[in-house]
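J.: Here's my sequence, what's the structure:
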Amino acid sequence: MIALPALSALFAATLSLELVAVNAHGTHGAAAHAHLNHAHKRQATTAAAASLSVTGATSAASVAGTASSTAVAAPAPTSSSSAVAGGSAAVGTGPYNVPPLASISMGMPSGPIPTLETTYTPGATPTYLSGAPPLPTKFMFSSADWPELDKVPPTDSDQVKEWMKELDGHDIPDITPTQDGSCAGDPAAAAQAQERGWWTCGGWTSGNDIVDCPDKMTWGVSFDDGPAPYNSDRFYTAPKLLKYLEDKDLSATFFVVGSRCISYPDILIAEYMAGHEIAVHTWSHHPLTALTNEQIVAELGWTRHAIQKVIGVTPAFMRAPFGDIDNRVRAISNAMGMRPIIWTTGPGGPFDTNDWHVPAGTVSATEQFQIFQGLLGNATLMDTGFIVLEHDLFEITVDIATGYTLDAALNHQPAFHLESIGQCLSLPAGNLYLETTTNTTTSTNSTGGKSTSATAEGESKDTSGAALRFGAVSMSALAGLAFVAYLL
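T.: Predicted structure coming up:
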């Protein structure tokens, strides 16, 4: 197994602006996505028996059978590009140019280059967000203004020193950073997972984490790791995904990486202006529990600054890369005005589409879809809705989403109701961003470890219900926002 630090470095190198573009359907793209392969393999939850093994297709197929054993079967996708059993053609069909499911695999050729159908000029405002500031002046990247892309930012800058003040007056637990964010890499920390509230090792959450949608049969749609190209700086996953979401009248929550926001600002603007929700997913996609307090602040601070610089608003929510969060990380996030969101763990395992396995080459798209159908069936057994993890990083994962996964949800019987996470929590759109929120409640740092959502769904449900009362905009975070405005 490749060490996590090496995988993180590989991810950063592959996505860096300085590198020559590669075909992300090929081996380079799959290697870059290996960080996801490793990271999800790290998660050790009580539902591990239903988790996907990454040792090969045979293991994946056997797990699919386990996951489906108590599931209500989901119907086959009705996309115009539905799978052809045993097919090998990779030619995309239908309005979203999605290949047959059996043809989606690592190494397949890329499809036609999509383009953004709508672009926006500085000064435009989103029609759905009352009181939103206008889009800033067109973003122009200058390396002198930003930390190195895809690397943990330095902590000795004036910006980070100022952001550190937002922690004043908050109870930040004195928890030693993990070795690499993995259970296997730090057995001593893993043995203290409950005390630490460490989600990676056991699925531990706190009362302030958002872990599901409160209403039964509601699917919280979310995508991680973008905005990003999957071939070159002119070849985006976003146009295909955005078109699908628009055609189906769906909204999603995008957890974006700061380095990617300033690399591909037009994509971020298009997502935001189309009515989708934007949330923080750190600057470099590094496991947060392995970082110091100062480094965590730098990761979150630079990302929200990047988002505000491009679209003019600052998110009030975040998701930790790999779901790697503990009481220290969540306390820092809350102090900075960003409430943590994690995907749901249900009776059949985490609601992770496992789309990241396909570009990594560990399973086929057909196997991935069978596994997720089992989890989808288990959703009918829950008393709450659920938040689903998908990725918009590569063409493969977007093809799976637009051709199969989302179609399966839309055509499921009984029907699922697909919404962005903010919508499923009944949050006013303005409360998603510090500039537009009407809630003045000061955030609190809840650090008491909870049971996993799989074993304590009542607690999970109560947590999501509490989100209806959430403003969680820390007053120190608002002070920090003034400093961000100064940086602009």
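
J.: Mind exporting the C-alpha coordinates of stretch 124-142 to PDB?
T.: This file holds the C-alpha atoms of stretch 124-142, laid out as PDB (Å, rounded to 0.1, in the frame of the first residue of the first chain):
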ATOM      1  CA  ALA A 124     -24.000  40.100 -12.100                       C
ATOM      2  CA  THR A 125     -26.000  38.800  -9.100                       C
ATOM      3  CA  PRO A 126     -27.700  35.500  -8.500                       C
ATOM      4  CA  THR A 127     -31.400  35.800  -8.800                       C
ATOM      5  CA  TYR A 128     -32.100  33.200  -6.100                       C
ATOM      6  CA  LEU A 129     -30.000  34.700  -3.300                       C
ATOM      7  CA  SER A 130     -31.400  37.900  -1.800                       C
ATOM      8  CA  GLY A 131     -28.900  40.500  -0.800                       C
ATOM      9  CA  ALA A 132     -26.000  38.700  -2.400                       C
ATOM     10  CA  PRO A 133     -23.100  40.900  -3.400                       C
ATOM     11  CA  PRO A 134     -22.400  41.200  -7.200                       C
ATOM     12  CA  LEU A 135     -19.800  39.000  -8.800                       C
ATOM     13  CA  PRO A 136     -16.400  40.500  -8.200                       C
ATOM     14  CA  THR A 137     -14.000  41.800 -10.900                       C
ATOM     15  CA  LYS A 138     -12.900  39.000 -13.200                       C
ATOM     16  CA  PHE A 139     -10.400  36.800 -11.300                       C
ATOM     17  CA  MET A 140      -6.800  36.900 -12.500                       C
ATOM     18  CA  PHE A 141      -4.500  34.500 -11.000                       C
ATOM     19  CA  SER A 142      -1.100  35.700  -9.700                       C
END
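
J.: which residues are contacting it?
T.: With CB atoms under 8 Å, 6 or more residues apart in numbering as the test, stretch 124-142 has contacts from 120-123, 262-263, 265, 269, 272-273, 275, 309-313, 429-430, 433, 435-436, 488. In short, each C-beta sits where N, CA and C put it, glycine included.

J.: how about 6 Å then?
T.: Residues external to stretch 124-142 that are found in contact with it (CB atoms under 6 Å, 6 or more residues apart in numbering): 122, 123, 262, 265, 273, 275, 310, 312, 429, 435, 436.

J.: now, which of those residues lie within helices?
T.: Per DSSP state H, helices hold the following members of those: 262, 265, 273, 310.

J.: Most neighbours among the contacts of stretch 124-142, which one?
T.: residue 262 (26 neighbours; other CB atoms under 10 Å).

J.: quick one, what contacts it?
T.: Residues in contact with residue 262 (CB under 6 Å, 6+ apart) are 141, 306.

J.: before we move on, what about residue 389?
T.: Contact partners of residue 389, counting by CB under 6 Å, 6+ apart, are 343, 352.

J.: tell me the secondary structure for it?
T.: Of the three states, residue 389 takes strand under DSSP: H, G, I helix; E, B strand; the rest coil.

J.: Which residues does it form beta bridges with?
T.: residue 222, residue 352 (DSSP bridges).

J.: on that earlier part again, now the ones in helices among the contacts of stretch 124-142 as TSV including pLDDT and distance to residue 325?
T.: Shown next, in TSV, are these (pLDDT from 0 to 100; distance: CB to CB, whole Å):
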residue	pLDDT	distance to residue 325
262	97	24
265	94	27
273	96	30
310	98	25
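
J.: can you count the residues close to residue 107?
T.: 13.

J.: Can you show me the helices along the stretch 51-200 of the chain?
T.: Assigned by DSSP state H, counting those that start in this stretch, the stretch 51-200 of the chain shows helices spanning 57-68, 158-164, 187-191, 193-196.

J.: Let me see the mean pLDDT of the second one.
T.: When pLDDT is averaged over helix 158-164, the result is 98.

J.: got the buried residues for it?
T.: Neighbour counts over helix 158-164 (16 or more other CB atoms under 10 Å) mark 159, 160, 162, 163, 164 as buried.

J.: Equivalent analysis for the third one, please.
T.: Neighbour counts using 16+ other CB under 10 Å place 189, 190 of helix 187-191 among the buried residues.

J.: Then the shortest one?
T.: Across helix 193-196, burial judged by 16+ other CB under 10 Å covers 193, 196.

J.: Report pLDDT for the nearest residue to residue 285 once chain neighbours are set aside.
T.: Spatial nearest neighbour of residue 285, chain neighbours left out: residue 321 (4.6 Å); criterion: CB to CB, 6 or more residues apart in numbering. pLDDT for residue 321: 98.

J.: Please look at residue 321 and residue 284 and confirm they touch.
T.: No. Using CB atoms under 6 Å, residue 321 makes no contact with residue 284, being 8.6 Å away.

J.: Please verify my assumption that residue 155 contacts residue 296.
T.: No. Look at residue 155 against residue 296 with CB under 6 Å: they stay out of range, at 9.7 Å.

J.: neighbour-wise, which of these two wins?
T.: The neighbour comparison of residue 155 against residue 296 (other CB under 10 Å) goes to residue 296, with 27 against 18.

J.: Let me know the secondary structure of the more buried one.
T.: Applying three-state DSSP: residue 296 is helix.

J.: need the contact list for it.
T.: Residue 296 neighbours (CB under 6 Å, 6+ apart): 288, 332.

J.: ok, it to residue 152 distance?
T.: 10 Å (CB to CB, to the nearest Å).

J.: Could you do residue 271 as well?
T.: 25 Å.

J.: Give me the below-cutoff pLDDT ranges for this protein.
T.: For the chain, the stretches flagged by pLDDT under 70 are 1-93, 111-114, 229-238, 440-488.

J.: ok, so of the buried residues of helix 158-164, who is nearest residue 211?
T.: residue 163 (26.6 Å; CB to CB).

J.: thought that closest one was touching residue 295?
T.: No. Using CB under 6 Å, residue 163 is not in contact with residue 295, being 11.6 Å away.

J.: just to revisit the earlier point, for the ones in helices among the contacts of stretch 124-142, work out which two are farthest apart.
T.: 262 and 273 (17.5 Å).

J.: Show me the helices in the stretch 251-400 of the chain, by range?
T.: Using DSSP H, counting those that start in this stretch, helices in the stretch 251-400 of the chain cover 258-263, 265-273, 293-311, 327-335, 357-360, 365-378, 395-400.

J.: Okay, strands next: where are they in the stretch 101-250 of the chain?
T.: In the stretch 101-250 of the chain, the strands defined using DSSP state E, counting those that start in this stretch lie at 218-224.

J.: For the nearest residue to residue 280 once chain neighbours are set aside, give the beta-bridge partners.
T.: The shortest distance from residue 280 to any non-neighbouring residue, by CB to CB, 6+ apart, is to residue 318 (3.9 Å). On the basis of DSSP bridges, residue 318 is bridged to residue 280, residue 340.
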